[in-house]
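1. this is a predicted model, with the sequence first.
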Amino acid sequence: MALQNRKSVMAIKAEVTESVPVTPTSAVNDYIPLQEGFEMTPAFDTLANAELTGSIGQAKPVLGFENPSATISHYIKHSGVEGQEPNFGLLLESALGQKDVNATEYDTVAGSQGGSSTVRGKVVVDAGEGAQFQYGQGLLIKSSGGYKIRNVHSISTDDLNLSFNIDHNPASATNLGKAVMYFPANEGHPTFSTWLYRANGGAIEMMAGSRVTEMSIEANAGEFVNGNFTVEGVEYYFNPIEITATSKYIDFNDGGVKVAQVAEGFYKDPHDLASALQTAMDGVSSDTISVVFNDSTGKFTISTNGASLSLLWATGANAANSIGTKIGFLVASDDTAALTYTSDNELSYAAPQVPSYDGTSPIVGKANEVLFGDFDDYGCFGASNVTITLSNTKADLLSLCATSGKEGSLIAGRELSIDVVARLEKHDADKFKRFRQGLQTAFTYNVGEKSGGNWVAGKCINFYVPTATISSFSLGDQDGVITLNMTLSAYVESGANEFFVN
């Protein structure tokens, strides 16, 4: 029977301990919608065997390190609820390292100002509330003069100095939104288990110890704003089976009552579990016990070469913690009076929950806002294409004791670049000046839904780079129109972070 790839679903689940798999438990929080082109790939290093075999041919190679990976595309959008992270938020957190969810909305007091060519704009909050904000945090300034998205550039007690100015002075009691902020960390990037339920019932692929090593956000005018994520992991599993303390025993009678148990944990595939179960039963029996998984039926068969075998699913001392259900047996009664038993049910490869995705539509690249330059450059910069690329350098932690040869990994380096294509405006030499002088340049891309010209709370995304230089500059052609093509390279200044997603 052909399996339809379009029915596939994916879950991502934060790990408590790196590369120790965690099963999805929430239909609402653990699943992300897929786009065509998704992929998960197992891979091993192949070690050349230098042994001479008496032939000019090569000896059998040996598998070395395991290097699984996955590629995932996902529309960049909010959850639809202000102050609530989106389904794919774990991908952002893994890519950057940290998140901050702001559940409380604050407002302004007197003294807020939009700014001028010489004075940076600011919003002022109540005494003591400045401590509730941090550098890079996104603000949705819900002003009667028009909603604006800006970032906190710096904090002076209760003055929140803005990344870019705005065109009016916000009045008192102007609400500032509730941002979910993802921002860089030097260590501690969370890992996650990636679950791919092929055809939602055809097969399960799972990768443990997953880390986002590259994230690319692409926005083209008039098209969906899309994200592409490259994920690398530590171990790959195919149709894995989890054995816990409540499912690790098998009671059987082969002429005397015996108890066997398998180790708790995830088994790489059903054959891996069959081998472990056979070893466990053989270890306590004087007969030869065979446990086999059938790739055609999806069922397990347990047999003996001895004179008798009963599987005590219901009457065994460990019936409450039996492995029976995990391998497809009905456990309401014992299996007796035979020497071979085949499980009643085939294994299921469907997702354990029916996914529930964010209730927002994908965002289109129109009515967005691109800000570029100094704090007083707050007019929308007419870019037609923006591509933001975050690349993480992953270092593997090698260990002779680890099953895969890798104990884990860490993010050891980070680079961020922004490619911008815009119309060339006559007389605009500022961008070339910035390029040739290596001037510090700030960048913001605000995207989301609007109503009556105002951003809709809970449906906006903000990308902010406070410190970058233009590292490449050229003129080009786009459908006969002269374009300005630039690459910005973000950098860290005085230990402050260089990239924020709100």
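-> In hand now; what should we look at? Remember, it's a predicted structure, so these values are computed and weren't measured experimentally.

2. any idea how many residues pack against E264?
-> For E264, the neighbour count with other Cβ atoms under 10 Å is 12. Backbone N, C-alpha and C define where each C-beta goes, glycine included.

3. okay, it: pLDDT?
-> With respect to pLDDT, E264 scores 97.

4. OK, contacts around it?
-> I243, T244, A245, K248 (Cβ atoms under 8 Å, 6 or more residues apart in numbering).

5. looking at the chain, which strand is longest?
-> Secondary structure of the chain read by DSSP state E shows that its longest strand is strand 454-478.

6. I'd like to know how far the nearest residue to D376 once chain neighbours are set aside sits from N165.
-> Ranked by Cβ to Cβ, 6 or more residues apart in numbering and with sequence neighbours excluded, the top spatial neighbour of D376 is S117, at 4.8 Å. When distance is defined by Cβ to Cβ, to the nearest Å, S117 is 9 Å away from N165.

7. all the helices of the stretch 151-300 of the chain, in order from the start?
-> Using DSSP state H, counting those that start in this stretch, the helices of the stretch 151-300 of the chain run over residues 270-284.

8. meant to ask about the stretch 1-150 of the chain, not that
-> Using DSSP H, counting those that start in this stretch, helices in the stretch 1-150 of the chain cover 89-96.

9. what do S117 and N165 both touch?
-> D376.

10. those two: who's more crowded?
-> Comparing S117 with N165 by other Cβ under 10 Å, the one with more neighbours is N165, at 23 against 9.

11. the more buried one and D374, how far apart?
-> On the measure of Cβ to Cβ, N165 and D374 end up 9 Å apart.

12. show the buried residues in the contacts of E264.
-> Buried members of the contacts of E264, counted by 16 or more other Cβ atoms under 10 Å: I243, K248.

13. center of this protein - which residue?
-> Centroid-nearest residue in the chain, with Cα atoms, centre = their mean: L91, separated by 2.4 Å.

14. pretty sure that residue sits against S73.
-> No: applying Cβ atoms under 8 Å, one finds L91 not in contact with S73, separated by 10.8 Å.

15. mutual contacts of the two, please.
-> Listed as contacting both L91 and S73 by Cβ under 8 Å, 6+ apart are G227, F229.

16. helix, strand or coil for P362?
-> Of the three states, P362 takes coil under DSSP: H, G, I helix; E, B strand; the rest coil.

17. which SS class is the residue of the chain positioned farthest from its centre?
-> No residue in the chain sits farther from the centre than A307, which is 53.3 Å out by Cα atoms, centre = their mean. Look at A307: counting by three-state DSSP, its state is coil.

18. which residues touch it?
-> A307 neighbours (Cβ under 8 Å, 6+ apart): G255, D287.

19. mind redoing it with 7 Å?
-> G255 (Cβ atoms under 7 Å, 6 or more residues apart in numbering).

20. tell me what the closest residue to L34 other than its chain neighbours is bridged to.
-> Nearest non-adjacent residue to L34, counting by Cβ to Cβ, 6+ apart: M10, 5.4 Å away. Beta bridges link M10 to I32, L196 when assigned by DSSP bridges.

21. quick one: contacts for E85?
-> Applying Cβ under 7 Å, 6+ apart, we find E85 in contact with S79, K99, V101, V180.

22. sweet, I'm off.
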